[in-house]
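In: Sharing a model prediction with you, sequence too.
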There are 2 protein chains.
Amino acid sequence: MIHLFHRRITFSLALTIGFLILIIIGSILLSLPFADKMGQTTNYSDALFTATSAVCVTGLSTVTTATHWSFFGQLIIMILVEIGGLGFMTFAVMLSNFAHQRMSLGARMLTGEALNLNRPSQLRIVRLIIRLSLVIQLIGAILLFIALKPRLGIGKGIWYSIFHSVTAYCNAGFDLFGPSLEQFNNNPYFLTVIMFLIGAGSFGFLVWRDLLTYHIHHKLSLHTRFALTVGIIILILSIVGFLVSEQNLKQFSGSLNEIQRFFNTLFLAVTPRTAGFVSIPYTKLTAAGVVITIILMFIGGTPGSTAGGVKTSTIGILFLQSIATFTGKEASFSHRRFTRDNINRALTLFCSAILLIIFATLLLTMTQPLSTHNGIIEAVFEAVSAFGTVGLTLGLTPHLNLFGKMIIIALMFIGRVGIYTFMYSIFKSHPTKQSYRYPEEEIIIG
Amino acid sequence: MIHLFHRRITFSLALTIGFLILIIIGSILLSLPFADKMGQTTNYSDALFTATSAVCVTGLSTVTTATHWSFFGQLIIMILVEIGGLGFMTFAVMLSNFAHQRMSLGARMLTGEALNLNRPSQLRIVRLIIRLSLVIQLIGAILLFIALKPRLGIGKGIWYSIFHSVTAYCNAGFDLFGPSLEQFNNNPYFLTVIMFLIGAGSFGFLVWRDLLTYHIHHKLSLHTRFALTVGIIILILSIVGFLVSEQNLKQFSGSLNEIQRFFNTLFLAVTPRTAGFVSIPYTKLTAAGVVITIILMFIGGTPGSTAGGVKTSTIGILFLQSIATFTGKEASFSHRRFTRDNINRALTLFCSAILLIIFATLLLTMTQPLSTHNGIIEAVFEAVSAFGTVGLTLGLTPHLNLFGKMIIIALMFIGRVGIYTFMYSIFKSHPTKQSYRYPEEEIIIG
Ligand SMILES: [K+]
Ligand SMILES: [K+]
C-alpha cells in the first residue's frame, strides 16, 4: 500500500516534470522568429503562455493563433496539443493500474484478474487506444474537409481540417479562423462534426479501454458507468439551462433560423466541458448564461480525459453524498458504496479547487487594471476557464500584464495535471508513521 | 448516542419553527398601518422581508428603515433583532451541552464534569450572559449617545443610541441614518464604539461562557481558543488586504484625513463579518476590495454567535486539513487532533454553502433583469451577504422582484439557522440501521 503510494508519487512527479519539459521546449520553439508570421521574435511570456495553453489543451491565448503564428508556429501548437492530450490520457490509464493493484486479492479473484489470465497487457491497450484516437481524428478531418474545401481550397482545406480535428478531439480550443468558430454558427453540419470530436475525446482513455475490452469482461467498470451517467445528466441539464436562459438564442433570430440556433444552443452546452470553441460570443449571452457556463467550466469532464475542472465524478459523488448525509444513508451508485476515502478525496478536491479559484481571482483583481464590478466576473470567468482548461474568455486574456499571464499559466498547469498530482509532486507527501498522536477533540461546525 | 442525536434534531426543529413563528408575527406587525410612517399598509412581501432580515440579524432591506417605518415599526425591528440575536446565542449554549454529554465518561472525569461538581447550572450561565449582553448594550448606547446628542438632541439621541447599540451588538446592520453610517466616516470615535459592539456580539455566548467560567475551569475550551485564533488571523489578513487593495482609501483623500481613512479601512475589515454597517459605499471600492468583502462575508464569524456564513472554525479546520492532507500528517491544533467526523462536517458544510450560493446566483440571474456582467457580481454579492446574514449590498436588494425577495429571504433564513439545522429539521434525518450494505468500490477522483 505504502509502496504503491510511492509509485503514485513517482508517477505524479514524472507527469509534472514531463509536462514542464514539454512546455519549455514548446515555448522556445514558439519564440523563434520563423514561428511568427512576421518573422519577428515573439515576446517570451506570450510564447510560454501559448505553449502552456497548448500542452494543457486549454486554448486561451494572449495572441491570435490565426494571425500571429506562421505555419511552423501553428504546427508546433498542434503537435503540443496532440502530445499533451494523448500523453495525459495514456498516463491516466497507467495510473489506474495502480488503483487496480490496490484492490484486495479477493476482489481480484472475483474478476479473474489475480492471475492476469484474461487481461490484455496494458501497453497493448494503450497502443490500441492511441491508434483509435488517430483514426477518429482522421475521420474527423475528412468530415471537416467536406465543409472546408469549398471555402479554402484543397491545400489550406487539408491543413485546417487536420488542425481543427486535432484541437477538437483533444478539446484544446485553438482555431485558425479568427474569432473561434463564429463564422460556422449557421452551419449545423460543421458544428455537429466538431461536437462529435469533442465528445469522443472527452470520454478519456479509461472509458475507451472499458468499451474496447467489454467483450472480455462483459461489464463496464464503476468508473465508466458513473462517468457516463453523470456526464449525460449534466449535459441534459445544461441544454435545458441554456434553452431557458437564452430562450434558444432569440437574440440571434435576425441572422439564424430556429434549427441553426438550436445547434448553437447544443454547442453552448458542449463546449464549456472543456473544448473551448466559440460559435456565439459569450459577451452576448445573458447573465444566467454566463453563470451556467462558469459552473460547467468548473465541473469539467471525465477524469483521465482531455478535460480539466474538478471532473464529473467528483460532482456526482458530492451530489450523492449530500443526499446521503441529510437522509442518514450511505452514498452508493449501482449497488456499490463509495469508500470513505473516495468521498473525502472528492470533498477535499472540490474545496481546494474553489479556494484556488477564489485566490486566483483575488490576485487577478489586485494586479490587473479592472473595472470594479464588470472586471470581477471577467476575472472569475478567465480563472475558471484556465483551471478547467476550457479556453473560453470574456476578453480579459489578451490584456493581461505579465503577472496576470503567470497566474493564468499556473492555473492551466494545475488544472491539467490535477490538484492532487501537483501537490503530491511538490510536497512528495506520503502517510508517515507518526510516533505519537494527539488525543481527539471536537469543535463546533456551522 | 442515537438518543442524543434525536434530542439534537428536536432542538433543531424547535429553533427552526421558533424563528419561523417569530418572523411571521413580526411580519404581521410590520404590515400594520401604524408601523408605516405614512400610516399605510406595507406590501406584505416587504414586511416579511424586513421581519426575516431583523430576526436573522442581517440588515438587508427592500425599504429604507429610516424613512419607511414609523417609531413603532422601528421598535418592532429592534425587538426582533434582540430576540433573534440573543435567542440564537442562548440556543447555541444549550446545544453545546449535548456535545458535552457526548464526551466519553473518561474525558468528563478528567475535567471533573462527570459528577457536575464544579459546573454551574447552564441556565444560570445563560442568564448571566444575557445580563452581560444587556449591560454591554447599555454601555454602548451611552457611548453612542455622547456622539449623537449634539446632532440629534436628548430624545432622538437616546432612541438612536439604543437602536444602534442593539443592532451593532447583534451584528444586525439596521440603521436609522439613511445611507447606513456613511455620515460618520469622519468620526473615528463613533466608528470605534460601533466596532467594539460588533466585536463583543460576534464572540457568541459560547466564548463568553468560557471567558466567564475561566476562574472555575482554568482553561479555555478548544472551541474558544480555536475560534479566537482563527478570528484574529482572518481579521489581520483582511486589514492587510484592504490596506493593499484600497491603499488606505486614497480615493477619499479629498474628504478624509489619513487617520480617518485608516479607521474606515478597519471598519471595512470588521463589518463584513457579519455586521453589515457601511461607512464607505461599496460601489466605490476597487474590484479587489469587493472580492475580499465577498470572501469575508462568506466566512462569517464564530459559531454560536450573531454571525452567519460558514464560520471561522470551518475555514480554520479546512485550512489545517488541507496542509495536513498534502504533507501526509493529521490535522491538529493546540495538541488536539480534530475528529474525522469534525473534518467531514467542515468539508460538507463548505461544499453545501458553495453549492447553495451558486444555485441562488443562478436563480437570481435567471429571474431578475440584470445587466450581463455587472449583474452577476451584484447577484453573488447579495446572495453571499444574505447567506452570511451580513446585510451589505451593491444595490440589488431594493430592486428585487417577488421571486428575488423569496430567494434572499430563504438565504437569510438558512444562513441564520445554519445549513445543518435547516436540513435536519426538514429531513428529520437520523442514522438508520440498514439491514444490508453494498460492497465498497473506489472511483477515480480528480
Ligand atoms: K480546452
Ligand atoms: K448583519
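Out: Cool, the structure landed. The structure presented is a predicted model; accordingly, all values stated were derived computationally and were not measured. Ligands and ions are numbered 1, 2, ... in the order given.
In: ok, now which ones touch the nearest residue to A:Thr65 once chain neighbours are set aside?
Out: Distances taken as Cβ to Cβ, 6 or more residues apart in numbering or on different chains put A:Phe174 closest to A:Thr65, at 5.3 Å, once the chain neighbours are dropped. Any C-beta I mention is one placed from the backbone N, CA and C, and that applies to glycine too. Going by Cβ atoms under 8 Å, 6 or more residues apart in numbering or on different chains, A:Phe174 touches A:Ser53, A:Ala54, A:Gly59, A:Ser61, A:Thr65, A:Ile77, A:Met78, A:Val81, A:Phe163, A:Thr167, A:Gly391.
In: Name the SS class of A:Phe174, please.
Out: What DSSP: H, G, I helix; E, B strand; the rest coil gives for A:Phe174 is coil.
In: Could you verify that A:Cys26 is part of a helix?
Out: Just to correct that, residue A:26 is Gly rather than Cys. Yes: according to three-state DSSP, A:Gly26 belongs to a helix.
In: distance of it from ligand 1?
Out: Here A:Gly26 is placed at a distance of 16 Å from ligand 1 (Cβ to the ion, to the nearest Å).
In: what about the nearest residue to that residue once chain neighbours are set aside, how many residues close to it?
Out: Spatially, and ignoring its direct neighbours in sequence, A:Gly26 is nearest to A:Ala51 (3.4 Å; Cβ to Cβ, 6+ apart). By the measure other Cβ atoms under 10 Å in any protein chain shown, the count of residues near A:Ala51 is 25.
In: for A:Ile76, same thing?
Out: Neighbour count for A:Ile76, taken as other Cβ under 10 Å: 23.
In: now A:Ser245
Out: Under the neighbour criterion other Cβ under 10 Å, A:Ser245 is assigned a count of 21.
In: so it makes contact with A:Ile295?
Out: No: contact criterion Cβ atoms under 8 Å: A:Ser245 and A:Ile295 do not qualify, at 11.6 Å.
In: show me the contacts for whatever residue of the stretch 1-150 of chain A ends up closest to ligand 2.
Out: Ligand 2 sits closest to A:Leu60 of the stretch 1-150 of chain A, with a gap of 39.0 Å, by Cβ to the ion. A:Leu60 is in contact with A:Phe49, A:Ser53, A:Gly173, A:Gly276, A:Glu382, A:Ser385, A:Ala386, A:Gly391, A:Thr393, A:Thr397, A:Ile408, A:Met412, counting by Cβ under 8 Å, 6+ apart.
In: measure the residue nearest to A:Thr65 to ligand 1 for me?
Out: A:Phe174 sits 8 Å away from ligand 1, going by Cβ to the ion.
In: just checking, next helix/strand downstream of the helix-or-strand element of chain A with minimal mean pLDDT?
Out: Every helix and strand of chain A was ranked by mean pLDDT, DSSP states H and E. The lowest is helix A:105-110, at a mean of 43. Following helix A:105-110 in sequence order, the next helix or strand is helix A:122-152 (DSSP states H and E).
In: list the contacts for the residue positioned nearest the centre of chain A?
Out: Nearest residue to the geometric centre of chain A (Cα atoms, centre = their mean): A:Ala307, 1.9 Å. Contacts of A:Ala307 were listed using Cβ under 8 Å, 6+ apart, and they are A:Asn171, A:Ser202, A:Gly204, A:Arg273, A:Thr274, A:Gly300, A:Gly301, A:Gly388, A:Thr389.
In: one more time with 10 Å
Out: A:57, A:171, A:198, A:201-204, A:231, A:273-275, A:299-301, A:388-390, A:415-416 (Cβ atoms under 10 Å, 6 or more residues apart in numbering or on different chains).
In: quick one on the thing from earlier: the residue nearest to A:Gly26 contacts A:Ile21, correct?
Out: No: taking contacts as Cβ atoms under 10 Å, A:Ala51 lies outside contact range of A:Ile21: 11.1 Å.
In: Tell me how many other residues surround the residue lying closest to A:Val63 once chain neighbours are set aside.
Out: Nearest residue to A:Val63, sequence neighbours excluded (Cβ to Cβ, 6+ apart): A:Asp46, at 5.5 Å. Neighbour count for A:Asp46, taken as other Cβ under 10 Å: 19.
In: nearest spatial neighbour of A:Leu402, skipping sequence neighbours?
Out: Spatially, and ignoring its direct neighbours in sequence, A:Leu402 is nearest to A:Ser45 (5.7 Å; Cβ to Cβ, 6+ apart).
In: Surely that neighbour is within a strand?
Out: No: A:Ser45 is assigned helix when assessed by three-state DSSP, not a strand.
In: Can you give me every residue that contacts the residue nearest to A:Gly26?
Out: A:22-31, A:76-77, A:80, A:84, A:409.
In: Which neighbouring elements make contact with whichever strand or helix holds A:Ala269?
Out: Using DSSP H and E, A:Ala269 falls within helix A:258-270. If contacts are counted by 3 or more Cβ pairs under 10 Å, 6 or more residues apart in numbering or on different chains; DSSP states H and E, helix A:258-270 sits against helix A:188-203, helix A:222-246, helix A:287-299.
In: Quick one: mean pLDDT for the second one?
Out: Just to be clear, that refers to helix A:222-246. In this model, helix A:222-246 carries a mean pLDDT of 87.
In: do the same with the first one
Out: Helix A:188-203 carries an average pLDDT of 87.
In: That one and ligand 1, are they touching?
Out: No: with Cβ under 5 Å from the ion as the criterion, ligand 1 is not reached by helix A:188-203; the gap is at least 9.2 Å.
In: Mind listing what's buried along that helix?
Out: A:188, A:190-191, A:193-203 (16 or more other Cβ atoms under 10 Å in any protein chain shown).
In: Of the residues you listed, which pair is most distant in space?
Out: Spatial extent of the buried residues of helix A:188-203 (Cβ to Cβ) is set by the pair A:Pro188 and A:Phe203 at 22.8 Å.
In: that older thread, so what's the residue nearest to A:Gly26 scoring on pLDDT?
Out: Note for A:Ala51: predicted pLDDT of 92.
In: Report the contact partners of the residue nearest to A:Phe387 when sequence neighbours are not counted.
Out: Spatial nearest neighbour of A:Phe387, excluding adjacent residues (Cβ to Cβ, 6+ apart): A:Gly415 at 4.1 Å. Contacts of A:Gly415 were listed using Cβ under 10 Å, 6+ apart, and they are A:56-58, A:274, A:297, A:300, A:307-310, A:353, A:356-357, A:383-390, A:422.
In: Could you do A:Leu228 as well?
Out: A:Phe203, A:Val207, A:Asp210, A:Leu211, A:Leu220, A:Thr302, A:Thr312.
In: any chance of the residues you listed in TSV, plus secondary structure?
Out: Below are these laid out as TSV (three-state DSSP):
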residue	secondary structure
A:Phe203	helix
A:Val207	helix
A:Asp210	helix
A:Leu211	helix
A:Leu220	coil
A:Thr302	coil
A:Thr312	helix
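In: Show me which of these are buried.
Out: Looks like these have A:Phe203, A:Val207, A:Asp210, A:Leu220, A:Thr302, A:Thr312 buried, using 16+ other Cβ under 10 Å.
In: what's the third one in contact with, if anything?
Out: Pointing back at A:Asp210 there. By Cβ under 10 Å, 6+ apart, A:Asp210 lies in contact with A:Phe203, A:Gly204, A:His217, A:Lys219, A:Leu220, A:Ser221, A:His223, A:Thr224, A:Arg225, A:Ala227, A:Leu228.
In: For the residue nearest to the second one when sequence neighbours are not counted, grab the count of nearby residues.
Out: Nearest residue to A:Gly204 in three dimensions, chain neighbours excluded: A:Ser305, at 2.9 Å (Cβ to Cβ, 6+ apart). The number of residues packed near A:Ser305 is 29, by other Cβ under 10 Å.
In: what secondary structure does A:Ser305 sit in?
Out: Secondary structure for A:Ser305, judged by three-state DSSP, is coil.
In: got a list of what it touches?
Out: Counting by Cβ under 10 Å, 6+ apart, the residues that A:Ser305 touches are A:57, A:85, A:88-89, A:92, A:170-171, A:201-208, A:227, A:231, A:273-274, A:311-312.
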